[in-house]
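Novice: just the structure for this:
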Amino acid sequence: MPFWKNLSVIRKIVQLLAFVFLVYGSVVVGFYSADKLSGAFPILSCAYDAKTADYCVLIPLQHQFGHRLGPALSAGMFSLSVMLPILTTLGTFFILFVLLNKAFCGWLCPLGFFQEVLGMIGQKLRLNRVESLDAKLVDRIRPVKWLMLGFLVLLLPLASGLGFVAPELGDPFCKICPSRILTSLAAGQLNQPYIDTSSAGYMALSIIADTMFGLILVLSLTMRQPFCRICPMLALHAVFKKVGLVKLSKKYTPRCDKCGLCSKACPMDIREIHTSKEKDILFPDCTLCGRCVEFCPDKDVMSLDYAMIPIFSSSPQYFKQRNLAQRIWEGKKVAPRKIKDA
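Specialist: So this is what the prediction gives:
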């Protein structure tokens, strides 16, 4: 299968280009420009990386809740000027998010790409991989991303600004975010994977950060997208997913109940994809990677749409070629074609 026809290969190329730009981009656009691009990117692109081209929305949100909203509420000085930075950050995020929706996760996020690369390495090393998690385990994991968003990004920073908790909890997610360690290491900085002994709180957060990054390194080799499943950015995306221009659509047929190939292909184990009878199947955990559309064997049953226009649809021809390419990549034996007698 030619690489320019393989959606997964195209996505990997886009991810690689995005990784290079977001991790090293300020070298090209300049440090001043990089600091001013948006400051509210819908992916885990970290400001701790000194060469970053832009940084994610979770960074300013934590600081604005912890250093502006919290102190203002504590002093009884709440006003529009206090909320304006938060509204500006969310507004910038909203404008960017409308353009690509949750595809920011599946196509541009450096940490998502890193996990996929480790997964590819795990396949080639013939490690004992878990391609799909148990349904009950998936259900238990799903709420974690909402807890991460609610507590680590919003409530704890606000509580820190109000004086209810220690100052080190003013930006707790950044303190443990694996993208902080990944992107800074990729940029040649060795100052992030460390144990901070300046206080008990900082020590606990730095230990959690190093442990989480180590777990991602190990788990990504044997399972698909371990951190994406609990990422607060994915939860924030889910809040706004209805307004994005990119959609994932399905035309339900009775064959869907018997097939299930789309949910098996999904790296996030969204089993509802093949059982849903709704047209809009952009579920909260979806990253719009498009693998479900690639591995749907029926013509035009599933599609990725932009502004309600299908840009990539399922087809039997593509499915056969893509399935063969997947088997070749995984090193599985491919049955030879039968040669008819002349």
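Novice: which stretches of the stretch 51-200 of the chain form helices?
Specialist: Assigned by DSSP state H, counting those that start in this stretch, the helices in the stretch 51-200 of the chain fall at 58-64, 70-74, 80-100, 103, 110-124, 135-147, 156-162, 172-176, 178-186, 200-222.
Novice: can you lay out those as CSV showing distance to Leu304 and mean pLDDT?
Specialist: (Glycine included, C-beta is placed from N, CA and C.) Output for the helices of the stretch 51-200 of the chain, formatted as CSV (distance: least, CB to CB, whole Å; pLDDT from 0 to 100):
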stretch, distance to Leu304, mean pLDDT
helix 58-64, 26, 94
helix 70-74, 41, 93
helix 80-100, 11, 92
helix 103, 9, 95
helix 110-124, 17, 94
helix 135-147, 23, 96
helix 156-162, 35, 95
helix 172-176, 30, 94
helix 178-186, 26, 93
helix 200-222, 25, 94
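Novice: state the mean pLDDT of the helix or strand in which His237 is found.
Specialist: Using DSSP states H and E, His237 falls within helix 232-240. Here helix 232-240 scores 95 as its mean pLDDT.
Novice: cool, and stretch 320-336?
Specialist: Confidence for stretch 320-336, expressed as mean pLDDT, is 78.
Novice: put the alpha carbons of it into PDB.
Specialist: C-alpha atoms of stretch 320-336 as PDB (Å, rounded to 0.1, in the frame of the first residue of the first chain):
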ATOM      1  CA  LYS A 320      -8.200  -4.800   2.300                       C
ATOM      2  CA  GLN A 321      -5.100  -2.800   1.500                       C
ATOM      3  CA  ARG A 322      -4.800  -1.300   5.000                       C
ATOM      4  CA  ASN A 323      -5.400  -4.700   6.700                       C
ATOM      5  CA  LEU A 324      -2.700  -6.200   4.500                       C
ATOM      6  CA  ALA A 325      -0.300  -3.300   5.300                       C
ATOM      7  CA  GLN A 326      -1.000  -3.800   9.000                       C
ATOM      8  CA  ARG A 327      -0.300  -7.500   8.900                       C
ATOM      9  CA  ILE A 328       3.000  -6.900   7.000                       C
ATOM     10  CA  TRP A 329       4.000  -4.300   9.600                       C
ATOM     11  CA  GLU A 330       3.200  -6.700  12.500                       C
ATOM     12  CA  GLY A 331       5.200  -9.400  10.800                       C
ATOM     13  CA  LYS A 332       2.300 -11.800  10.500                       C
ATOM     14  CA  LYS A 333       2.200 -14.300   7.700                       C
ATOM     15  CA  VAL A 334       0.100 -13.200   4.800                       C
ATOM     16  CA  ALA A 335      -1.700 -15.900   2.900                       C
ATOM     17  CA  PRO A 336      -0.500 -16.100  -0.700                       C
END
